[in-house]
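Peer 1: dropping the sequence and predicted coords here.
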Amino acid sequence: MAPEFTLQIWDASLAAQDLDTWMHTLLQRLAAVELKYTSLSARVFGDIGIVYSAFWWKGTMDGQPFTDAGFMADVWSRLSGSWQVVARRSAPQQQVRQLQTT
């Protein structure tokens, strides 16, 4: 992951998380995580790549169990021949369902 990595939900209703914040969440708040990616599709545009995927995951956050699934897009950048993820946008199904009720 690139040092400038950011993670943001699809509609930007919450502030983007930088790499340090995201790693803190992973290491301190999440436990017993199972994660599965499906429907991977990648497009490369020179030194930029976009990877679209569906995901499913479950685990505990702050001791509370959760299960969710959704879609994400990862932006990759090639620098000096090496690829790194620089950004991720995710759309959990929970958020998509909220759209359907508004």
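Peer 2: Good, I have the coordinates. Numbering: from 1, shown residues only.
Peer 1: do a quick rundown of the strands in this protein.
Peer 2: According to DSSP state E, the chain carries its strands in the segments 6-9, 17-18, 30-45, 48-61, 64-79, 82-92.
Peer 1: do you know which of those lies nearest H24?
Peer 2: In this view, the strands of the chain are compared for proximity to H24 by Cβ to Cβ, and strand 17-18 is the closest at 9.0 Å. Where C-beta positions appear, they are placed from N, C-alpha and C, glycine not excepted.
Peer 1: give me the sheet partners of the closest one and which way each runs.
Peer 2: The sheet places strand 17-18 alongside strand 6-9 (antiparallel), with pairing taken from DSSP bridges.
Peer 1: which residues does the partner strand contact?
Peer 2: By Cβ atoms under 8 Å, 6 or more residues apart in numbering, the residues outside strand 6-9 that reach it are 14-19, 22, 86-92, 95.
Peer 1: how about low-confidence regions in the protein?
Peer 2: Counting by pLDDT under 70, the ranges of the chain that qualify are 11-12, 94-102.
Peer 1: picking that back up, please identify the deepest-packed of the strands of the chain.
Peer 2: For these, average neighbour numbers computed from mean count of other Cβ atoms under 10 Å are highest in strand 6-9, which has a mean of 18.
Peer 1: partner residues bridging Y37?
Peer 2: For Y37, the beta-bridge partners under DSSP bridges are F55.
Peer 1: so who does it touch?
Peer 2: With contacts defined as Cβ under 8 Å, 6+ apart, Y37 is in contact with 53-55.
Peer 1: and which of these is nearest D62?
Peer 2: Nearest to D62 out of the contacts of Y37 is F55 (Cβ to Cβ; 20.5 Å).
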